[in-house]
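Novice: Okay, sequence plus prediction incoming.
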Amino acid sequence: MFLAVAATVISPLELFRTRMQSVHTDTKGNAGLFRGVAQGIVAMVRSEGVLSLWRGLTPTLWRDVPFSGRVFSPLWCCVTAISLHSCSKKADQTLF
């Protein structure tokens, strides 16, 4: 759940970063398309609309959510097992 919310919030910045990286520069090193992040995002909204900031969010979620579930589920199982084991050890130590 957290990943979906984080991806939704970060998606506009990731889209803008990707567009900045794909812009070809001239011989002097000037890209000419965007002068800064704020100006670039405003230009994108003006030319393509507000919803364009979240273009590509669905494929991103389809890629990231299952992967994160496969990675973090075993991790949380291990953390839970370790914490239960350490709690039971502490309980045994307090009895004796």
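Specialist: Great, that's in hand.

Novice: just the helices in this structure please.
Specialist: 2-22, 37-48, 57-95 (DSSP state H).

Novice: now the angle between helix 2-22 and the helix or strand of the chain with the lowest mean pLDDT, please.
Specialist: In the chain, the helix or strand scored least confidently by mean pLDDT, DSSP states H and E is helix 57-95, which has a mean of 77. Helix 57-95 and helix 2-22 are oriented at 130 degrees to each other (axes from the mean of the first three to the mean of the last three CA atoms, to 10 degrees).

Novice: re earlier: reformat the helices of the chain as a markdown table; add mean neighbour count.
Specialist: C-beta here means a position set from N, CA and C on the backbone, and glycine is covered the same way. Output for these, formatted as a markdown table (neighbours: other CB atoms under 10 Å):
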| stretch | mean neighbour count |
| --- | --- |
| helix 2-22 | 13 |
| helix 37-48 | 13 |
| helix 57-95 | 11 |
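
Novice: Return the residues in contact with residue 13.
Specialist: Residue 13 makes contact with residue 37 under the criterion CB atoms under 8 Å, 6 or more residues apart in numbering.

Novice: Would you mind measuring from it to residue 38?
Specialist: Going from residue 13 to residue 38 by CB to CB, to the nearest Å gives 11 Å.
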